[in-house]
Structures are given as structure tokens and as C-alpha cells.
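S.K.: Please find the sequence and the predicted model below.
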Amino acid sequence: TPPPPPPAVSLGLAGLIFLIVHFLGITRNTKAYFKHYLQPFPVFLPINLIEQFSKLLTHGMRLFGNIFAGEVLIAQLVRLGSTGAIGFVASIPLLMVWQGFSIFVGSIQAFVFTMLTFLYISQAIATHEDH
């Protein structure tokens, strides 16, 4: 089996989303975007900055972790297939089932990645004006 993609691929995708979110926040909602870093009090600025970088890290590592876990299970099933005739026969249907499930899990991960991207963008461009 091919090795899983390095974490840099997943973090690169998350980094791209990070840049897009902050670009949109700065260009579409400049005043409220910078003001939210000082909410609820200016002393919370470091915590709000840590929150932004933790979003980047968790967005990328969630994607990498799920891909890596699937690849580890495939490697174990291939190893089962090399243990002998019974292992080979048992590993074939298990690999077929896992590949189908892997497609399902990949679809869910793509959906979650997209929904989180939409959420981050909506948080960056939202205005909370008092009436």
C-alpha cells in the first residue's frame, strides 16, 4: 500500500482555508473583524489569537488523522493477507468492505471540512451591530 499523505498536505489545505477566512474577514468586514479579537475585553487578545491558530491546527490534523487511521487499517489487512492461505482468503473481503467504508468516511470528512470552512467564513464576515 502507498504511504499516507504527510501531515503537510492536510495542514496545507487547512492553511489555505485559514488564509481565505482571514482575507475575507479583513476585506469584507474590517472594523468588526479586528474588533472581535478584543471581545469581550481587550485582555482576551492572546486567547483569541490562540483560538485562531488552534482552528488551523485542528482543521488540518482532523483530516490527517482520519486518513492516517484508514491507511493503518489497510496496512494491517494486507499484513493479514501475507500470513498464509487462510489469512489471504480472509483479507480479500475485509479489504473490499473497508474500501467501501473508506469511501463513506472520506465523504463524511469532505463534508465536515467544507462545513467547518463555511462556519469559519461566516464567523469572519458576520456583523453584530447593536440596534
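M.R.: All right, it came through fine.

S.K.: For I50, pull up the helix or strand it's in.
M.R.: helix 45-81 (DSSP states H and E).

S.K.: Give the next helix or strand downstream of that helix.
M.R.: Downstream of helix 45-81 (by DSSP H and E), the next one is helix 85-125.

S.K.: model confidence over that next one, on average?
M.R.: For helix 85-125, the mean pLDDT works out to 88.

S.K.: Kindly calculate the angle that it makes with helix 45-81.
M.R.: 160 degrees (axes from the mean of the first three to the mean of the last three C-alpha atoms, to 10 degrees).

S.K.: helices and strands around helix 85-125, which ones?
M.R.: If you count contacts as 3 or more C-beta pairs under 8 Å, 6 or more residues apart in numbering; DSSP states H and E, helix 85-125 packs onto helix 7-28, helix 45-81. C-beta coordinates here come from the backbone N, C-alpha and C atoms, glycine included.

S.K.: residues contacting G25?
M.R.: 33, 124-125 (C-beta atoms under 8 Å, 6 or more residues apart in numbering).

S.K.: Considering those, which possesses the most neighbours?
M.R.: Neighbour counts for these, by other C-beta atoms under 10 Å, peak at A124, which reaches 21 neighbours.

S.K.: excluding its backbone neighbours, what's nearest it?
M.R.: G25 (3.2 Å; C-beta to C-beta, 6 or more residues apart in numbering).

S.K.: That neighbour and A85, how far apart?
M.R.: When distance is defined by C-beta to C-beta, to the nearest Å, G25 is 60 Å away from A85.

S.K.: again, but for V112
M.R.: For V112, the distance to A85 - C-beta to C-beta - is 40 Å.

S.K.: And those two? Which one has more around it.
M.R.: V112 (14 against 8).

S.K.: That one touches R62, doesn't it?
M.R.: Yes - V112 is within contact range of R62, at 7.4 Å (criterion: C-beta atoms under 8 Å).
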